[in-house]
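Novice: What shape does this take:
(one chain, ligands or ions: 1)
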Amino acid sequence: AAHCSMTYPPTSRNTFALTTPLYYVNALPHMGSAYTTIAADAIARFQRLRGYSVRSITGTDEHGQKIERAAASAGRSPQAHCDEVAAEFQKLWQLLDIRYDRFSRTTGPRHEAIVRDFFQRVWDKGDIYLGQQQGWYCVACEEFKEERDLLEGNHCPLHPTQEVEWRDESNYFFRLSKYQTALETLYEKQPDFISPESRRNEMVSFIKQGLQDFSISRVHVDWGFPVPADEKHTLYVWFDALLGYITALLEDEDAPTLENALAHWWPIDLHLIGKDILRFHAIYWPAMLISAELPLPHRIFGHGFLTKDGQKMSKTLGNGLDPIELVNAYGADAVRYYFLKEVEFGKDGDFNDTRFVNIVNADLANDLGNLLNRTLPMARKYCGGQVPDVSAQLLASDCLLKQIGLPLGEQVSQFYNDLAFSHACEAILSLVRSCNKFLDEQAPWSLYKKGEQKAVEQVLYAVLESVRLAAYLLSPIVPTVSTAIYRQLGFQDDLDSVSETSGYFASYDVHSTWGILPAHQELGEPKPVFLRLE
Ligand code: MSP
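Specialist: Residues are numbered from 1 along each chain as shown. Model prediction:
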């Protein structure tokens, strides 16, 4: 097609690897875990649309005392428990239309070899030593706590119903303190290593207080890998879990060695996490990698926490939000849209039933869905059910929709790059709202009566093309709605399954450009693309 195409900043490689956290399998997935995964899926879809090869990684974190205890209280062996809960995560991802490339389980058959290789490198570096660990341990966090941070009665601030436990045992330690300057330099030289900025500042001031070595082994936990150098110990769950990101990079045919795992996709482009596990990813993880002399991931983004009706979601308060119930009631697109549009990514956000229904109805059912449903019948009546024969280039430059539409692809692309999902939605929705206004003002039905066929065609072309662009740009967030719109506009392709092999959409610049809707394309049956929620 002879339209101008947009260029994106050249990158040295056309691949993008990203991760969600590997979720603990102590309990069934909740809305918090779904939130990170939805965001990761939107980014993965965006990268695939623009023609990148993507490896999108999620999975489960299955070792440690927390899981050991959860299994015991469920009356199951740890492995049986993990298998069961891991399967529930996979089910939920399917319900939510999440397309991941790897599901990394830390009890998976190839993980231990990677952990051993990695441990060996750090050991050889002299960064692991035997010491005495004393302190308050929160099993729910799988983390030692400073006494000054505890609530009254020795409760963990993040798990106020749970008491921390006193530990005094011989453990292996990782020499984190040795890497203080290296981390400070990293943050300085690579200011976007941690975002948003507030999280970066948090880490900078944490490091300023001075870093202490942390223990990476346990003597009273059986459910974990034996420490290679001393089998009386098992490895601390976080040491093993972070390496799950690397194991996920192995190809099926690869022998499980660290070298093989790092050969193709490392370093990871983006680790998406919640703010509660920032320290592990922004401090421990890069220090471990520097010690092992490996390149560092490019970027870590710590999102906020979700609340329900303004309160922390918790089982004790009985106000948890079950993602399965939510999807079954409202569908995946509604859930995906609400959390990405309504919560500014990076900040805390709230779920409220009424707001959920109102926002999703207003944006998806009314503004976007109705727009298509009122335009298609006009195209049938006035243009024979085909895309009118209008050249986008020749449309007057004062056409409002063209003005908004032309730069939109690039703007939205930038928002996705910045993980600014709500801004992306806003920008796209403002084109959609302008379309509705434009139709009212231009009133193609009166133009038609006056016999102004050319004008009718120009108006309808501009609106249909804007709906197409909106659907395309929203597709990382609402893939099903977007695909339904594409179909009704006469495209055969499935926006929901765009992959690096599909070729057709392999250049984001083509479909993200306003003005590509082919003249005379046969339009489909008008059907509601999104049913109003009650
Ligand atoms: N197993 C570790 C991660 C290891 S990564 C190598 C873990 N798992 S978790 O299941 O407890 O948490 C996973 C993610 O869910 C975290 O990113 C956390 O921030 C997120 N959330 C848990 N509760 C949440 C909310 N209420 N709101 C938003 N996200 C929340 O930590």
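
Novice: give me the element the closest residue to Trp166 other than its chain neighbours is part of.
Specialist: Spatial nearest neighbour of Trp166, chain neighbours left out: Trp136 (6.3 Å); criterion: CB to CB, 6 or more residues apart in numbering. (Each C-beta comes from the backbone N, C-alpha and C, glycine too.) Per DSSP states H and E, Trp136 falls inside strand 128-138.

Novice: in that strand, what's buried?
Specialist: By 16 or more other CB atoms under 10 Å, the buried positions in strand 128-138 come out as Ile128, Gln133, Trp136, Tyr137, Cys138.

Novice: Among those residues, which one lies nearest to Lys66?
Specialist: When those are ranked by distance to Lys66 (CB to CB), Cys138 comes first, at 9.5 Å.

Novice: The closest one touches Leu158, doesn't it?
Specialist: Yes. Between Cys138 and Leu158 there is a contact under CB atoms under 8 Å: 7.3 Å.

Novice: Which parts of the stretch 301-450 of the chain are helices?
Specialist: 323-330, 332-342, 353-360, 371-383, 400-417, 421-442, 444-449 (DSSP state H, counting those that start in this stretch).

Novice: on that earlier part again, could you please name the strands the strand holding Trp136 pairs with and the direction of each pair?
Specialist: Strand pairing for strand 128-138, using DSSP bridges, gives strand 143-145 (antiparallel), strand 165-174 (antiparallel).

Novice: among those, which is nearest Val478?
Specialist: Once those are compared by CB to CB, strand 143-145 is nearest, at 36.8 Å.

Novice: Need the contact partners of that closest one.
Specialist: Outside strand 143-145, the residues that touch it by CB atoms under 8 Å, 6 or more residues apart in numbering are Gln133, Gly135, Trp136, Tyr137, Cys138, Cys156, Val164, Arg167, Phe214, Ser215, Trp238.

Novice: What's the local residue count around Phe193?
Specialist: Residue neighbour count, defined by other CB atoms under 10 Å, stands at 19 for Phe193.

Novice: just Gly310 next, same as before
Specialist: Other residues within reach of Gly310, judged by other CB under 10 Å, total 9.

Novice: Quick check: it touching Phe351?
Specialist: No. Look at Gly310 against Phe351 with CB under 8 Å: they stay out of range, at 9.7 Å.

Novice: returning to that earlier point: and the strand holding Trp136, is it in reach of the ligand?
Specialist: No. Using CB under 6 Å from any ligand atom, we find that strand 128-138 stays clear of the ligand, coming within 12.1 Å at best.

Novice: Just the CA atoms from that strand would do, formatted as CSV, please.
Specialist: The C-alpha coordinates for strand 128-138 follow below in CSV (Å, rounded to 0.1, in the frame of the first residue of the first chain):
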residue,chain,number,x,y,z
ILE,A,128,28.8,-17.3,49.5
TYR,A,129,29.9,-18.0,53.1
LEU,A,130,28.6,-19.7,56.1
GLY,A,131,27.3,-17.5,58.9
GLN,A,132,24.8,-17.3,61.7
GLN,A,133,21.3,-15.9,61.0
GLN,A,134,19.3,-14.4,63.8
GLY,A,135,16.2,-12.5,63.3
TRP,A,136,12.4,-12.3,62.9
TYR,A,137,11.1,-14.2,59.9
CYS,A,138,7.8,-13.7,58.2
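
Novice: and the gap between the residue in the chain positioned nearest to the ligand and Gly302?
Specialist: For the chain, the residue closest to the ligand is Gly274, as judged by CB to the nearest ligand atom, at 1.6 Å. To Gly302, Gly274 is 7 Å away according to CB to CB, to the nearest Å.

Novice: Of the two, which one has the most company?
Specialist: Ranked by neighbour count (other CB under 10 Å), Gly274 and Gly302 place Gly302 first, with 24 against 18.

Novice: Which residues are in contact with that one?
Specialist: Here Gly302 is in contact with Ile194, Ser195, Pro196, Arg199, Ile273, Gly274, Lys275, Ile277, Leu278, His281, Ala282, Gly346 (CB under 8 Å, 6+ apart).

Novice: which residues does the third one contact?
Specialist: The neighbourhood of Pro196, defined by CB under 8 Å, 6+ apart, consists of Phe301, Gly302, Gly346.
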